[in-house]
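Chemist: Sequence first, predicted model second:
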Amino acid sequence: MLDTKLKNNHKLGIILIVLTILIPAIAIVALYPVAKSQANRYQETHREDYEVTTSVEQYVGYDYIDRLYNSSYVLYLDLQKKQGNADTAVDLFVPNLTDYYGSSTEEYSSVRSRINEMLEEYRSSLVGLMDTVDYYAVDKLSQNTETNTVNDLSRLLKGATADIEKIKELYDCYLILDFDENGDISVIGSYEIDRESAYREIQEKRHENAYTNYYGDSGSGIELASPKNMQIVYAIKIPMMTEADNGNQWWYQYSIYNNIGYSWLMIIVLAIIGAVAILLPRMKKLGVGNEKIFRAPMEFGIIGICIVLNAYAGLISMMIDVNLGYAQSALLDAGFTYGLSEGIPYAYNILGWAAAFALWYWSVTILQPVFTLGLRRYIKERSFIYKIFPFIKRQTKRFFAFVADVDLTEHMNKTIWKIVLINFVVVTIICCMWFFGIFGVIVYSVILFVSLRKYFSRLREQYKTLLQATNQLAEGNLDIEINEDLGVFNPFKGELQKIQSGFKKAVEEEVKSQNMKTELITNVSHDLKTPLTAIITYVDLLKDENITAEERQSYINTLDKKSQRLKVLIEDLFEVSKATTKNVTLNIIEVDIVNLLKQVKFELEEKIQTSTLDFRWNLPDEKVILGLDSQKTYRVFENLINNILKYSMPNSRVYIDVTKAGEHVQITMKNVSATELNFDPEEITERFVRGDLSRNTEGSGLGLAIAKSFVELQNGSFTIDIDGDLFKVTLTW
């Protein structure tokens, strides 16, 4: 029982909603005749406020000529009825209709009815013209006449000049039509109306009166017969025109309907519907207003209200179309019957007003919870924009970042055009708001000022950060870091970091160079002093006259050995100096690497044989030709093999491989060191650096430095790899 009662209450609530929407719509449409009457009275009493002068060309246009021509059919029908020549329009204008359809068919009745209706429409048009048009029609055979004026318009047909001038004093213009015995028409007289233009328009209208244009029966060939043996005079008195008559009729009528209080009627009706929309949901017994359709986001309700308020002018225009007969005329032209053409506009208007009121009710119902929830809570729970605000905020920031994205390293035309086009779009949209565009421009200007002020403040802070980092870098702080986003100065941030790393590298290189200079002086002093000291010592010993011949020969041999070592050291020093400064002349020729290695092997065969090392030569059988300096390359191989002989672990293996990899040739030499390899591979190629850090072995410490320099001078690469005690040298050309 309770459930049934609730359902019945809910149905009652829905019925109340429907009645709330339909009753005002029907009432307003029912008041159309009252509104028309009030508008007419207002127009008459305020006519002087709108009156303007109008020319004949403006008043008597093509449509006006068409109406005059159509009226000729009505006058001809009336003249023929007077003479008893026709009972109906069909008998007069389509006398052979029964030859096409017979007299008892349904189609015959339909066509007959339509032709009669068409003549009635012509008669209504003539009645509408009588306020400004006087006519005089005469049958040329019977001399019967039809007229609506006491003025003797027949004088225009007689052609007396004095009579014509009197008529011109009474009327602004006139037109005289003549129909001969065949129904052909001619314009035999006019005043202030172009005769040729009027004739062309009448001929076009005459062709349109063919029956096929009304019924689409192109095979029938039926058309209205033209009036015959008749003359008609149309004399026109152009009234003082109003804005409505002069082409601004809609705005004219719109202003009248507002002046007679229709805008206030709309406000009252909308207020009543809004009150019902607020009160019905609070009647819990009815159970209406809480459905899903009424729980739409807040923005939908606001948009709906704006649509209804903006639709007011359109709704009034529907009323104007009905009251002025525009809607009915359009439907008649489209082929609707007189009854339908009169009823359809009213039904359409009821639906239009009902749709507007339904949208208003729905929108107010959506917004009414603001009274129970409170504004803040209602926005949080029902606002679509509030829910997507974080997304909008992110997109807005992205948009402003896109607009403010200026890359000072690129051409500025693209950025300037981007800003100009965005500003153009915004201003264009604002200008489309008509009067509200002024307010929009003010708001836009304020927003633009605030945004630019914020942007330039941020720009100033970014500039200060960059300037501070530059000053610290200038003071020697090479560890300064810039973590902030510098916006348009980001390219400078990257360049500053490059300068920072470049300065660090330069300082490290300078420190390294200073250390190398110190080591160079120390190493050169040690390596030059050792043989030189020995030479001085043995020279002093040779000065002793008491030494034996054998001792003297021993001293001389030692002196020779030490001087040769000193000579080699000095030559190596010159070689590495020239190689480092690239002051070396290369004699590039085609060199067979395999053959060159075999020559070095042959020259050092004695040393290799006397050593305890096991050399494993892995050389290809074919020639490997490269463009190199043979002497410098020979020196490279010689120094490397001597280095192996000097520092390798006794009784260990040595591997020398030559391999081809695409367009490159690699020579790899691997040996096991006799001492621990506790140094950086790059250090061993520096000048005066030895694998024997105690410097007890012979040598200048320049062998690897010379080898590396000669390889790189010939566009090759020289790399050293250390894996435990394994020492590996790789040459690549």
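Modeler: Great, that's in hand.

Chemist: Just want the most central residue of this structure.
Modeler: residue 422 (10.5 Å; C-alpha atoms, centre = their mean).

Chemist: and that one, that's in a helix?
Modeler: Yes - checked against DSSP: H, G, I helix; E, B strand; the rest coil, residue 422 lies within a helix.

Chemist: care to break the chain down by domain?
Modeler: 2-48+249-382, 56-239, 459-583, 584-732 (automatic domain parsing).

Chemist: Least confident of those, on average?
Modeler: Mean pLDDT per stretch puts domain 459-583 lowest among those, at a mean of 71.

Chemist: give the contact list for the residue with the largest distance to the centre of the chain.
Modeler: Distance to the chain centre peaks in the chain at residue 546, reaching 108.4 Å (criterion: C-alpha atoms, centre = their mean). Residue 546 sits next to no residue when contact means C-beta atoms under 8 Å, 6 or more residues apart in numbering. C-beta here means a position set from N, CA and C on the backbone, and glycine is covered the same way.

Chemist: In a helix, it, correct?
Modeler: No - using three-state DSSP, the assignment for residue 546 is coil, not a helix.

Chemist: can you give me phi and psi for it?
Modeler: Per-residue torsions, residue 546: phi -90, psi 0 (degrees, to the nearest 10).

Chemist: which ones are touching residue 89?
Modeler: So residue 89 contacts 73, 77, 115, 116, 118, 119 (C-beta under 8 Å, 6+ apart).

Chemist: ok, the residue lying closest to the third one once chain neighbours are set aside - contacts?
Modeler: The one in question is residue 115. Distances taken as C-beta to C-beta, 6 or more residues apart in numbering place residue 90 nearest to residue 115, at 5.1 Å, with adjacent residues excluded. Listed by C-beta under 8 Å, 6+ apart, the contact partners of residue 90 are 97, 112, 115, 116.

Chemist: which SS class is the last one?
Modeler: Three states are possible here, and by three-state DSSP the one that applies to residue 116 is helix.

Chemist: With the flanking residues excluded, which residue is spatially nearest to it?
Modeler: residue 89 (5.4 Å).

Chemist: And the first one, by the same measure?
Modeler: Take residue 97 and drop its neighbours on the chain: the residue closest to it by C-beta to C-beta, 6+ apart is residue 90, 6.0 Å away.

Chemist: where does the one you found sit relative to residue 341, distance-wise?
Modeler: Distance, residue 90 to residue 341, by C-beta to C-beta, to the nearest Å: 21 Å.

Chemist: just residue 617 next, same as before
Modeler: From residue 617 over to residue 341 the distance is 115 Å, taken as C-beta to C-beta.

Chemist: likewise residue 301?
Modeler: Separation of residue 301 from residue 341 (C-beta to C-beta): 38 Å.

Chemist: Also residue 80?
Modeler: Residue 80 is 28 Å from residue 341, by C-beta to C-beta.

Chemist: Look at residue 617 and residue 341 and report which has more neighbours.
Modeler: Counted by other C-beta atoms under 10 Å, residue 617 and residue 341 do not tie: residue 341 has more neighbours, with 20 against 13.

Chemist: which residues touch the more buried one?
Modeler: 327, 328, 329, 331, 332.

Chemist: give me that answer again for 10 Å
Modeler: 121, 325, 327, 328, 329, 330, 331, 332, 333, 334, 335 (C-beta atoms under 10 Å, 6 or more residues apart in numbering).

Chemist: quick one: which helix or strand includes the fourth one?
Modeler: Under the criterion of DSSP states H and E, residue 328 resides in helix 326-333.

Chemist: List the buried residues in the helix or strand just after that helix.
Modeler: For helix 326-333, the following helix or strand on the C-terminal side (DSSP H and E) is helix 338-367. Neighbour counts over helix 338-367 (16 or more other C-beta atoms under 10 Å) mark 341-342, 345-346, 348-350, 352-354, 356-367 as buried.

Chemist: Can you give the distance from helix 338-367 to the centre of its chain?
Modeler: Here helix 338-367 is found 39 Å from its chain centre; the criterion is C-alpha atoms, centre = their mean, to the nearest Å.

Chemist: Could you tell me the angle between it and helix 326-333?
Modeler: Relative orientation of helix 338-367 and helix 326-333, computed by axes from the mean of the first three to the mean of the last three C-alpha atoms, to 10 degrees: 130 degrees.
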